[in-house]
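In: below is the structure, and that's it, no one-letter string:
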């Protein structure tokens, strides 16, 4: 309980990995055991609320946090490629994310590939941003001798987050606001 696992994967049709029954089962077992799962929504601009994806809705809530890709501006709008819908809980920056070891096109220190930095995008860039917020929240609770459940962490981050802007009919959820969440 209290561990955090990230799913940096999507299905062949750009849905969250948990839309596969076996992944959903493992995810539900993990969250029921107190393990926090933070998962990418997918990069195919898929509507999780469409009748085509009814099978996913029928699975129910696994307890995971599903992350969409939002803009890195103050509008916090859904990016064109992000999968969206009822099951997407939170967003992270889906563009302009600087990371280590991915392409290295931004900077390389001392010509060392182990110190290469590149720009990253997609729901896989957004997911670690949200996961780091979950970790901070779980650690704060643990310092107070409290074990925060996955549902509690998700609820706190959603309720204190910065609202999504732009076309809110394509839900990717709010951007975590750690000052308020803590």
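Out: Structure received. Everything numeric in this text was worked out from a predicted model, so none of it was measured. Numbers count the residues shown, from 1 in each chain.
In: continuing past the helix or strand harbouring residue 132, what's the next helix or strand?
Out: Counting by DSSP states H and E, the element that carries residue 132 is helix 123-143. Downstream of helix 123-143, the next assigned helix or strand under DSSP H and E is helix 150-160.
In: next, the residue nearest the centre of the chain: secondary structure please.
Out: Centroid check for the chain by C-alpha atoms, centre = their mean gives residue 67 as the closest residue, at 2.7 Å. Of the three states, residue 67 takes strand under DSSP: H, G, I helix; E, B strand; the rest coil.
In: correct me, but it touches residue 89?
Out: Yes: using C-beta atoms under 8 Å, residue 67 is in contact with residue 89, at 7.3 Å. The way it works is simple: take the backbone N, C-alpha and C, and place the C-beta from them, glycine included.
In: now do the shared contacts for the two.
Out: residue 173 (C-beta atoms under 8 Å, 6 or more residues apart in numbering).
In: ok, back up a step: from residue 24, how far out is the residue nearest to the centre of the chain?
Out: According to C-beta to C-beta, to the nearest Å, residue 67 stands 16 Å off from residue 24.
In: please apply the same query to residue 59.
Out: Residue 59 is 5 Å from residue 24, by C-beta to C-beta.
In: same deal with residue 169?
Out: Taken as C-beta to C-beta, the span from residue 169 to residue 24 is 26 Å.
In: which of those two has more neighbours?
Out: Neighbour count, other C-beta atoms under 10 Å: between residue 169 and residue 24, residue 24 has more, with 18 against 9.
In: does that one belong to a helix, a strand or coil?
Out: helix.
In: was I right about residue 177 contacting residue 161?
Out: Yes: using C-beta under 8 Å, residue 177 is in contact with residue 161, at 5.5 Å.
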